[in-house]
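Engineer: Show me how the following folds:
(chains A, B, C and D)
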Amino acid sequence: MKLWAYILRRILILIPTLIGLTLMVFVIIHLQGNNLLLAQYLNPRLTGPAKQQQLEALTERFHLNDPVYIQYFYWLQQIITGDWGYTNTPIYSGSVTTAISLFLPNTIIIAVFASIIIWLLSIPLGVSSAVNRDSIRDHLIRVSSFTLYAMPIYLIAIALIILLGVYFHVLPFSGPVNPLLVSNLDWYKNGISYPTHILLIDALIHGNLTVAWDAFLHVIMPSVTLALGIMAGIIRILRASMLEVLEQDYIRLARAKGVPEKIVINLHARRNALLPVATSFGYTVAGLLGGAVVIETVFNYPGIGYWTTQALLVNDVGGIMSSTLLFGLILVFTTLILDILYALIDPRIRY
Amino acid sequence: MEKRMEAKEIEGLRLSLVIFFSNKTAVVGLMIFMAYVIDALLMQFAPSMLGVNNPNALAFDYSNTIPQPPSPEHILGTTYFGVDLLQAIMQAIRIDLGYSGLIVISGALIGALFGIISAYAGGWFDEILMRITDIFFGIPYLVLALGVGFALGRTIESMIIALIIVWWPLYERYTRSLTLSIKEQTFIEAAKASGVSDLKIMIKHIFPNTLPPVLVQISLDLGVVMAIFATLTFIGFLPTGNLPELGYLTSLGLNYIQIAPWATIFPGLAITIFALAVNLMGDGLRDVIDPRRRSS
Amino acid sequence: MSEGPVIKIDDLHVYFFTRRGIYQALRGVNLTLNKGEVLGLAGESGSGKSTLGLAIMGLLPRNAIIPKGSIILGNGTDLVEKIRGKAPFKKDKLNLRKNELLIRNLNKHLQKIRGKRISMVFQEPMTALNPVLQIGYQIAETVLYHDAERLIRRALAREKVTREDLRNMIKILKNEGERGIYEYALKAGLNGIEEQIFAIWNREDIHEAKKEKMIIDLAKDKLGLFERIGLKLARKGMLKIPLISRLARRALIKEGYRVAKELLSSLGIPQVDSVVKMYPHELSGGMRQRVVIAIALANNPDVVILDEPTSALDVTIQAQILELIRNLRKKTNAAFLFISHDLSVLAEVSDRIAIMYAGKVMEVGRVEQIFEEPLHPYTKMLLDVIPTMEKDTLKPAKGTIPDARYPPPGCPFAPRCPFAKEDCLKFDREIAVTKDHIVSCILYENKK
Amino acid sequence: MIAAFGIRKYFNVKQSMLSNLMLKAVDGVDLKIRKGEIFGLVGESGSGKTTLGRILVGLLEPTEGDVLFDVDEDVTSRYENALLKGDKEELEALSKKYSIFKKRGNNRKILRRKMNIVFQDPYSSLDPRMRIIDIVKEPMIATDYLKGEAAEKRVLDLLEEVGLGKSFAQRYPHELSGGQRQRVAIARALATEPEFVVLDEPTSALDVSVQAQILNLLKKLKQERELTMLLITHNIAVVSYMADRVGVMYAGKLMEVGDKIQVLKNPKHPYTVSLISAVPQPKPRSIRQRIVLKGEPPNLIFLPRGCIFHPRCPFAFEECGWSTDEIVDDLSYLISSKYYESFGESVSIRTKDENTIIIENAKAELISEIVEKEKANLKSLTAIKKITQEVNYVEIKIHDFITPELYKLDDGRKVACLLFRAEEKNA
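Structural biologist: You can find the predicted model right below:
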């Protein structure tokens, strides 16, 4: 199959998935009648008659008196045009889209740092664990990856906080930055930095290296925690697939050719062993996003996840529903991109 | 030749046991797992034997609410509101293990049912199920559980339902792929040629052959689901009150992490050790069903 | 034909340790492979024939031990010296981890020999090639890791050669034959060009005029900038330094692709220019097997082990591969060890045949001897069970091959043998009935 | 006994969402197997023999065509006549009565009793989680043939009969060797006293000595029970030992059908000839005509037109189905390689339409001369009908082609090759 045909097919498959995704969120909203939908679009700042007026307007706009499937299309239209309703949480109150633009960058920066750590560490660890099967090193890697895989991610966070934060005081573990450093800056207000909303980058833009360094230190613990939680799974898959690949005929042939063992491992075996890891990219991204919810809560890091849990605590529909939808969309599109990249790497996928 | 048959090699069940017990870490895992199960059973049927009156509620001691370090009186110390940690953890194991067992097994049953049917029947049914599970895989499960649970109302029942809804697609995919590979084997065709009906083939041939790997998966997932369960209560999904639950216990201790780290460490360890144990056990079980391991 | 042995196997034992017991795969194998011959190795599954091939290559799994015996190459190297009798035991159990290190050590030791002096073709062409690497690369690296010099030489010679040189060489080729080219190339400092000329000249599918044009075009085929830098680095021995070595290796691999094209077209593969850039899944089984054979021949080895090279192929494709092997035998001076369960296949290609059963060699002889005057009852049975139109019934021996964990004493075939005597349980010798016909059966003890 | 008419089986190959291609596994096969005979179906992998076997026991439904079971000459000839006349009612009526695909409910169970199949791989054809006794019992229970103790007693008898002994009943498949498993599979296939058994490569996973044991067992069973068998195999030696009649398949079509001795000793179809000559013989240094076929079997999605074997056929001639593309390939090889000297670089060649090729900057005389010279080597050139010189190009017209059918020869065999078209007319 031609590559473009594969990509086209992959995009076409996306359509039912997207419909299903939105449908599911819509069904969730409707499980309790129209209340949740109304609550999501009701501006929390309104009171009295203005609120009543908006309620009526919303009933009109979403055709709430019509059959449910019609309501879905009006709701979908609303979502597509970018109007996601309102949120009212202790950390932010206002339109969902603004909330996302403020919180998403922070989640992205943690996820990116975590991904870098994952890719730098998990491949060599997984490979060397498989190659030195049953050695002390293998046992160590296996048991620690088992443990990390088994632990709920918030416990990894707490363990790191106790170890690095409480006992050794080497790293900060709460919030995005030391509040004292940013209290007087004109580009940082109410916990939000400008223009990109990513403190680390904004600080660099404004040339404030002290703040940038501090922001960087604050990112380390959350991203390391996230990385540790997800790495464990990757190491396990990689080790298993590496062990399987090492038994394959083509590895035997590579050895029979007299190719040095280092090349056999690092080229012949590793490239094949990484394929199942690449297929599980989707899970990795899902893990990153799901983990971010917990991590940001534990570290009080103002990302989408933190916002979600804050929304949960005050029963804010807008926050919960929008983040469910948002995470879904992010995941669906990243898997799409990763699948296409994967097709570029593996010659067999295109048949 | 007959003689060789008499001097019979280790076969079947005995071989399985030999393989499992030759994996030391798996045996340790099994022992820990059994300890948790026994604790949960005792707590369910004879809580008084463990010195607990009401296994469903934490026994607060308002006389000294600040967490105390481990002492002969409180072997693992106490946590906020003066709860004895050892007792609380023993209570919590019943709740966590019971509910995660319920979630995993129901998820597995639903998933296996759909998985077998969709892979065996193929066609549009399969296609639709594939798309449906795609959607479930399209949202991080923690977030989905949050969303579903929230919409159903923040109670423990809705949390369980939410987790089952999140969990069955995993089993659907897994049994589907297992069934597809079993379907390739010619004994299925042989059964068809012998006149066995499709329903019977699914029940008599496919289901028993998917069972062992699914059981292994269940044992591995017990730990994962317990972790998610604890995570959800930890981030405050449930208005917990005095529910003895490991995630809740950790969050109770978290406020005192600087002065009383044990209040966080012990409940955390209780989860970690369990999850590690089922993983080790599952790994050993996987060796047992792995034909390559069997023959080596 | 026989100019002395290239491989001499002496009393070779190979055991595998498993949970279910110790499998005695080879129990005292004696065999010689002579220069330039095709030795057919026949046997049913469980006879140890594949283990023998793998033992020669040193490609043993981690639970294998070699308690005694030797495999000696023509120049006197003992291939199994590094692991013979060295298996690490803990009480009665083999320490797998330590044994694996031992085998890894053996691998390292044999790395320079494998693919260079001995090479192997496996049964399953569908799985023997790495699915994510290009065909050309998989051939090229075989040359690269054994004879990087050759690649450098080739590229530099082409860089230096002029049209005038090539015209002269064609003239020499026509008048004096291949000999003259070597001398010319040596004199002009162009060695490395001659094999490229021969590769074109010996092709059968194109006309002489086209060949001449292609040869002269070699002078046009100059190196790119990066290749030139890469080669320079490679020549200075910079293949060990990271990053720099990449550049050098890339240049060498590129030259290796040319070698691959030459090899493949000599094995009858059309459109090699596109084939070298393909991935294995784009080729059919027969094509892949040719690629694997090309890999095996890339460094002009002394010994090629063919482990059931045609068993996974269809009859018409099998015929093509057998034809290819027959031709190769004439063209190269390598010795072939052809392992197969199919006696008829061996009859087509072998000079001599060895029959194995339960880890031992039952009979060795020239191919006519084995087929026309088989001696061992097992060989006779094997010939009797080949189904044909003329036969009314087939006469297989009763029972099955003995359990490799509890092999019977003496002759392993005795429990199934219609001529078995009591002494068979004690008999364990090889008898040379004639100089080149050896059988291990008590029936011939007094007949030699 | 069993008769298949015009069987076609196409599989969908998902290429992309936009185009759906068909893999033609079986492409128009007629086959009759007589009562009590062993019919050997030979072919290489991908020839469709296994698919055909599965259709004959009703495991697969054909895309087109029908299989009638338990019929005699009379019925088949009625069906054939109806086919010729296009008598839909008659076809419908016969099909309703005899077709294996139209049986429902109890009739289906009875049909299932009467036919069964033995598979190639004895390792995957027995459910690893069932005991031997349950495996062999299964067809009896499923078709209500026997139940309870009677069934169990029959299992024990069957195990004795296939040479295993009663002690095997309680074992699991993994405790058995390959040969023993295949015996179990045979016992299962015979459990309901079937009349027709398909043997799909029954011995190709086994060693030669075990193969001999199984073949002997099958021969014995056939004689004792008057079984009708379809033996599917790629191993011509096995067919030559076992079969009474032989059919040779290539790329989904039957190439030659006839008595075993005729087909194997004196093959007519060029494919059969080369196939048999490719089989290695256990006679070293025997001098025989060896035809090594070039190339590989065709892609089953894009089959060659005309006779599907023509691209590899050593005897192909003008009407075999050559396409302009094939001729262009060969001509451009001649022009750019073999006769490079005479042409130089400026000649270009292309297909104009289905019957026309155009060569620019060349002389017609030279081309005709070369074509004459090379015809013997490059069979595609035989299809060139006319070479004409136009102003600045050469136009080549090619012959029309004929698709061969199975032509009946004097000795009763059928051959799908144009070389034997005339013989049929005489016959």
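
Engineer: so C:Leu231 touches C:Ala155, yeah?
Structural biologist: Yes: the criterion here is C-beta atoms under 8 Å, and C:Leu231 meets it with C:Ala155 at 5.7 Å. All C-beta spots, glycine's among them, are computed from the backbone N, C-alpha and C.

Engineer: pLDDT on the biggest helix by length in chain B, on average?
Structural biologist: In chain B, assigned by DSSP state H, the helix with the most residues is helix B:85-121. On average, the pLDDT along helix B:85-121 is 93.

Engineer: which of the residues in that helix are buried?
Structural biologist: Neighbour-count burial for helix B:85-121 flags B:85-97, B:99-101, B:103-104, B:106-108, B:110-120 (criterion: 16 or more other C-beta atoms under 10 Å in any protein chain shown).

Engineer: Could you restrict these to the ones contacting chain D?
Structural biologist: The subset of those within reach of chain D, counting by C-beta under 8 Å from any C-beta of the partner chain, is empty.

Engineer: List the residues that contact the residue of the stretch 1-150 of chain C at minimum distance from chain D.
Structural biologist: Nearest residue of the stretch 1-150 of chain C to chain D: C:Glu44, at 3.9 Å (C-beta to the nearest C-beta). By C-beta atoms under 8 Å, 6 or more residues apart in numbering or on different chains, C:Glu44 lies in contact with C:His341, C:Tyr357, C:Ile401, D:Asp207, D:Val208, D:Ser209, D:Val210.

Engineer: Spatially, which two of those are the most separated?
Structural biologist: C:Tyr357 and D:Val210 (13.9 Å; C-beta to C-beta).

Engineer: Show me which of these two is the more surrounded one.
Structural biologist: Neighbours of C:Tyr357 and D:Val210, each counted by other C-beta atoms under 10 Å in any protein chain shown, are more numerous for C:Tyr357; the result is 27 against 24.

Engineer: for the more buried one, what are its contacts?
Structural biologist: Counted by C-beta under 8 Å, 6+ apart, C:Tyr357 has contacts C:Gly43, C:Glu44, C:Ser47, C:Tyr378, C:Ile401, C:Pro412, C:Phe413.

Engineer: Give me the secondary structure label for the closest residue to the last one other than its chain neighbours.
Structural biologist: The one in question is C:Phe413. The spatial neighbour of C:Phe413 that comes closest, neighbours along the chain excluded (C-beta to C-beta, 6 or more residues apart in numbering or on different chains), is C:Tyr378 at 4.6 Å. State at C:Tyr378, reduced to three classes by DSSP: H, G, I helix; E, B strand; the rest coil: helix.

Engineer: How about the contacts made by D:Pro304?
Structural biologist: D:Pro298, D:His310, D:Pro311, D:Gly321, D:Ser323.

Engineer: Next one: it from chain B, what distance?
Structural biologist: 31 Å (C-beta to the nearest C-beta, to the nearest Å).

Engineer: contacting residues for the one residue in the stretch 101-250 of chain C that gets nearest to chain B?
Structural biologist: Evaluated by C-beta to the nearest C-beta, the stretch 101-250 of chain C has C:Ile103 as its residue closest to chain B, separated by 15.2 Å. By C-beta under 8 Å, 6+ apart, the contact list for C:Ile103 reads C:Gly58, C:Leu60, C:Pro61, C:Arg62, C:Ala64, C:Ile83.

Engineer: My guess is the last one contacts C:Leu101. True?
Structural biologist: No: counting by C-beta under 8 Å, C:Ile83 sits too far from C:Leu101 to count as a contact (10.6 Å).

Engineer: Looking at these two now, which is surrounded by more residues?
Structural biologist: Higher neighbour count among C:Ile83 and C:Leu101: C:Ile83, with 20 against 15, using other C-beta under 10 Å.

Engineer: what residues are up against that one?
Structural biologist: Residues in contact with C:Ile83 (C-beta under 8 Å, 6+ apart) are C:Leu60, C:Ile65, C:Ile66, C:Leu102, C:Ile103, C:Asn105, C:Leu106.

Engineer: Pull out the buried members of those.
Structural biologist: With burial judged by 16+ other C-beta under 10 Å, the buried subset of those is C:Leu60, C:Ile65, C:Ile66, C:Leu102, C:Ile103, C:Leu106.

Engineer: And the furthest pair within those residues?
Structural biologist: C:Ile65 and C:Leu106 (11.4 Å).
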